[in-house]
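Q: Quick check, what structure comes out for this input:
(one chain, ligands or ions: 4)
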Amino acid sequence: MKLSYVMISIIAVVCAVLLSSAAFAQELKGKHKENAIACVDCHKVENPDKPASMESCIECHGSYADVKELTKDLPEANPHDSHLGELDCRDCHKMHKPSEVVCASCHNFDFVAP
Ligand code: HEC
Ligand code: HEC
Ligand code: HEC
Ligand code: HEC
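A: Residues are numbered from 1 along each chain as shown. Ligands and ions are numbered 1, 2, ... in the order given. Reported below is the predicted structural model:
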């Protein structure tokens, strides 16, 4: 009896630690999740506690010139090439929550940021 009580207590403590760890709180989504991109690839530390910088995006996705090319054929406008200049990728692309298109505060384009 006493032993199982101790076991339950240990399990409870382990669960509490896991649930409170950032790895559980910060789910990835989309292609990064499918490709199993590691926390450290973006955050540069094993146990991040603050947002990753834009430098990491550039390391894998190339320069702004490269991402402009990816979306140059969109019919309405190029979200990567506009009168707002070279925006921070993270303004639109959110890694742990739904993305948003900052153009939408003024325009009504059809594109949706993944
Ligand atoms: C370690 C490499 C790596 C890093 C760092 C990285 N990505 Fe990616 N990203 C990928 C891969 C791989 C894909 C999937 C490519 C594919 O399947 O075409 C991807 C896909 C994407 C997509 C398409 C998403 C989707 O779900 O369709 C966007 C947008 C994107 N990345 C933005 C970013 C931004 C913004 C950052 C910086 C915060 C970033 N990435 C950092 C590797 C990386
Ligand atoms: C103004 C908002 C905005 C910013 C800033 C932005 N993106 Fe995007 N991005 C988009 C939208 C919208 C799409 C989807 C376009 C479409 O419908 O094909 C997209 C698509 C992508 C894709 C997928 C392209 C494909 O064809 O699979 C990648 C990768 C990507 N962005 C990376 C980046 C990176 C890296 C940066 C920073 C250097 C960045 N984006 C900055 C809005 C943005
Ligand atoms: C593809 C790049 C990428 C990967 C992989 C990634 N992150 Fe992030 N992370 C970001 C960016 C960019 C932000 C800024 C907020 C956002 O985009 O949702 C962020 C924000 C955070 C924050 C700060 C949240 C806040 O509100 O200040 C934490 C903590 C975090 N990530 C933890 C993690 C953990 C843990 C993992 C691995 C399970 C991980 N991240 C994987 C890019 C990434
Ligand atoms: C603060 C408001 C605002 C935001 C945010 C904004 N725009 Fe604009 N945009 C304007 C205004 C104002 C004009 C000029 C309208 C006109 O002349 O009819 C314009 C014009 C344009 C035009 C047509 C003229 C040109 O420069 O070729 C395009 C395309 C465009 N915006 C794309 C974008 C994209 C893509 C984004 C997001 C990356 C964006 N805009 C964000 C206000 C904004």
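Q: Residue nearest the middle of this protein, spatially speaking?
A: Centroid check for the chain by Cα atoms, centre = their mean gives Met95 as the closest residue, at 1.3 Å.
Q: Break down this structure into its helices, ranges please.
A: Remark: helices assigned in the chain by DSSP state H are 2-20, 22-25, 30-34, 39-43, 55-61, 64-70, 89-92.
Q: can you tell me the average pLDDT over the longest one?
A: Helix 2-20 shows a mean pLDDT of 63.
Q: now swap in the last one and tell me
A: Per-residue pLDDT over helix 89-92 has a mean of 98.
Q: anything in it near ligand 4?
A: No - contact between helix 89-92 and ligand 4 is absent, the nearest approach being 7.8 Å (criterion: Cβ under 6 Å from any ligand atom). Every residue, glycine included, has its C-beta placed from N, CA and C.
Q: okay, that helix in CSV with CA atoms only?
A: Coordinates of the C-alpha atoms in helix 89-92 are reproduced here as CSV (Å, rounded to 0.1, in the frame of the first residue of the first chain):
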residue,chain,number,x,y,z
CYS,A,89,9.5,37.0,-41.3
ARG,A,90,8.0,36.6,-37.8
ASP,A,91,5.6,39.5,-38.4
CYS,A,92,3.5,37.2,-40.5
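Q: any idea which helix or strand of the chain has the worst average confidence?
A: The least trusted helix or strand in the chain, going by mean pLDDT, DSSP states H and E, turns out to be helix 22-25, with a mean of 51.
Q: Is stretch 80-100 positioned near ligand 1?
A: Yes - Stretch 80-100 reaches ligand 1 (Cβ under 6 Å from any ligand atom) through 89-90, 93, 95.
Q: now these: which count as buried?
A: By neighbour count, with 16 or more other Cβ atoms under 10 Å, these hold 89, 93, 95 as buried.
Q: ok, the closest residue to the first one other than its chain neighbours - contacts?
A: To tie it back to what came earlier, the one meant is Cys89. When the adjacent residues along the chain are set aside, Cys89 lies closest to Cys57, with 4.6 Å between them (Cβ to Cβ, 6 or more residues apart in numbering). Contacts for Cys57 (Cβ atoms under 8 Å, 6 or more residues apart in numbering) come out as 42, 89-90, 93.
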